[in-house]
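**Student:** Quick one, what's the 3D model for this:
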Amino acid sequence: MEKNTKKPQADAIAWDTDGLWTEHLRRDDQDMMDRIVNGSEKGHYFMLLGPKGTGKTTMLFDAMRAIHAEGASICDAHPDLEVFRLRLGKALNYEYHEDSQTGLFQRRDPREGGPALDIERALNKLEKVALRYSARTNRPLVLILNNIHFFKNDDEGQNMLLQLQQRAEAWAASGAGYIYELL
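**Tutor:** Residues are numbered from 1 along each chain as shown. Now for the predicted structure:
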């Protein structure tokens, strides 16, 4: 048996394909994402657009990791507004005061307007929290909505987008917080 005595060439690159080598690559826009997520960019709301797989969400997660997600939350959109309502509640640590099984045998409250009204109530509560947080830390709260293009192109989906757009404009103008939409 003959041993392989060839020495590697001096110009050959040894790639570590086992490790997370992409974790150390810093994208050009990462500084801007860091400023947005940590609240340095006030008075605006943002929409990040780009092809699938280009690193939009990764940049946001890296920015959230840098601040230990203090004052920032992310929520994935869903075509079914009931599912989106639950996801938003989980992202905001907000409970909707849902009834137990006894609610099956009672008349529904006329004020119950479905998921859109529940989301509006959750955003109203979040606005109060955002004002207190902003006064205490001099930073806005950041709510990142991922994949908003998943909302259906019907009246219900368009109304949800309008509701979120109005909220984003109001919060950005007040400096108390903002919604960051990601497609």
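**Student:** hang on, His149 in a strand?
**Tutor:** No: the secondary structure assignment for His149 gives helix rather than a strand, going by DSSP: H, G, I helix; E, B strand; the rest coil.
**Student:** so how many other residues sit close to it?
**Tutor:** By the other Cβ atoms under 10 Å criterion, the neighbourhood of His149 contains 14 residues. Where C-beta positions appear, they are placed from N, C-alpha and C, glycine not excepted.
**Student:** Going forward, the N-terminal residue is numbered 52.
**Tutor:** OK, 52 is where the count begins now, so the last one is His200.
**Student:** how far away is it from Met84?
**Tutor:** Distance, His200 to Met84, using Cβ to Cβ, to the nearest Å: 20 Å.
**Student:** Same check on Leu168?
**Tutor:** Leu168 is 33 Å from Met84, by Cβ to Cβ.
**Student:** Tell me where the model's unsure across this structure.
**Tutor:** For the chain, applying pLDDT under 70 flags the ranges 52-75, 148-163, 230-234.
**Student:** Which helix runs longest in this structure?
**Tutor:** Using DSSP state H to assign secondary structure, the helix with the most residues in the chain is helix 166-188.
**Student:** Show me which residues of it are buried.
**Tutor:** By neighbour count on 16 or more other Cβ atoms under 10 Å, the buried set for helix 166-188 is Pro166, Asp169, Ile170, Ala173, Leu174, Leu177, Glu178, Ala181, Leu182, Tyr184, Ser185.
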